[in-house]
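Visitor: Structure, please.
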Amino acid sequence: MSRVGKQLIAIPEGVKLTIDGLDQGRQRVVVKGAKGELHLDLLPSIQATLTGSVLAVERSDDSCKSRAFHGLTRALINNMVRGVSEGFEKVLEIYGLGYKAKLEGENVVLALGYCRPIVYAVPPGIEIHVENDVVIKIRGADKQQVGQVAAEIRSFRKPEPYKGKGIRYRGERIRRKQGKAGV
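Guide: Numbers count the residues shown, from 1 in each chain. Below you'll find the model as predicted:
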């Protein structure tokens with residue numbers, strides 16, 4: 001049995017979780033809360049059982065695929081419950097002279113040393129706040145979507161190893177190179 005998969009998920013107050021039946025013995029888990037609504041379609045070999053305010057995820061057989069997806073499914077549902085109740089946040093920091101970001105309506109405009117500014121359209125379900133032109137806070141209910149948006153913004157100018165200029169996650173350590181030895 002999966003160590004992660006056999007753990008129970010406690011449903012907090014203010015979160016409504018429903019399990020709907022789909023075709024071919026599949027289930028859909030729908031989680032609604034203050035931050036939004038998320039859903040997940042389960043494999044036919046994975047079943048979710050709601051008892052009171054506790055959710056259990058079980059598998060019907062011991063095939064390799066079922067064992068692999070048992071813990072994954074439990075972790076995804078747990079992230080959905082946490083996302084609609086608390087939400088997820090990633091913080092990016094911009095380093096470099098003249099590098100900055102600003103919010104214009106539903107777009108983030110990034111000046112990162114290129115000849116033109118980069119305009120990034122914020123996807124639905126994501127909130128972005130820019131502080132002091134160099135700190136970008138990305139918030140949302142879907143953990144995967146928050147991480148994807150943060151990775152896309154970081155990819156516009158990854159930190160370089162000589163001076164450390166670029167966009168990095170808060171707390172990320174950049175391994176610095178020495179540069180020319182003769183100088």
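Visitor: tell me the secondary structure for Gly113?
Guide: Of the three states, Gly113 takes coil under DSSP: H, G, I helix; E, B strand; the rest coil.
Visitor: in stretch 57-75, what counts as buried?
Guide: In terms of neighbour count (16 or more other C-beta atoms under 10 Å), stretch 57-75 has its buried residues at 57-59, 66, 69-71, 73-75. From N, CA and C alone the C-beta is placed, and that goes for glycine too.
Visitor: How about residues contacting that stretch?
Guide: Among residues not part of stretch 57-75, those counted as contacts by C-beta atoms under 8 Å, 6 or more residues apart in numbering are 1-5, 7, 9, 40, 42-49, 77.
Visitor: Now do the contacts for the residue nearest to Thr18 when sequence neighbours are not counted.
Guide: The shortest distance from Thr18 to any residue other than its chain neighbours is 4.9 Å, reached at Val30 (C-beta to C-beta, 6 or more residues apart in numbering). Taking C-beta under 8 Å, 6+ apart as the definition of contact, the neighbours of Val30 are 17-20, 37-39.
Visitor: Please compute how far the helix or strand where Val30 lies lies from its chain's middle.
Guide: With elements taken from DSSP states H and E, the one containing Val30 is strand 27-33. Using C-alpha atoms, centre = their mean, to the nearest Å, the mean C-alpha position of strand 27-33 is found 18 Å from that of the whole chain.
Visitor: Against Leu92, how distant is Ser155?
Guide: Computed as C-beta to C-beta, to the nearest Å, the Ser155 to Leu92 distance reads 11 Å.
Visitor: Specify which residue of the two has the higher count of neighbours.
Guide: Leu92 (22 against 9; other C-beta atoms under 10 Å).
Visitor: Isn't the more buried one up against Glu131?
Guide: No: checked against C-beta atoms under 8 Å, the pair Leu92 and Glu131 is beyond contact range at 10.8 Å.
Visitor: Quickly run through the sheet partners of the host helix or strand of His129, with directions.
Guide: Taking DSSP H and E as the definition, one finds His129 inside strand 126-131. In the sheet containing strand 126-131, the strands it pairs with under DSSP bridges are strand 135-140 (antiparallel).
Visitor: contacts for the partner strand?
Guide: Residues external to strand 135-140 that are found in contact with it (C-beta under 8 Å, 6+ apart): 35-36, 83, 87-94, 101, 108, 125-131, 146, 149-150, 153, 167, 170.
Visitor: 6 Å instead?
Guide: Contacts with strand 135-140, where a contact means C-beta atoms under 6 Å, 6 or more residues apart in numbering, come from 87, 89-93, 101, 125-130, 146, 149-150.
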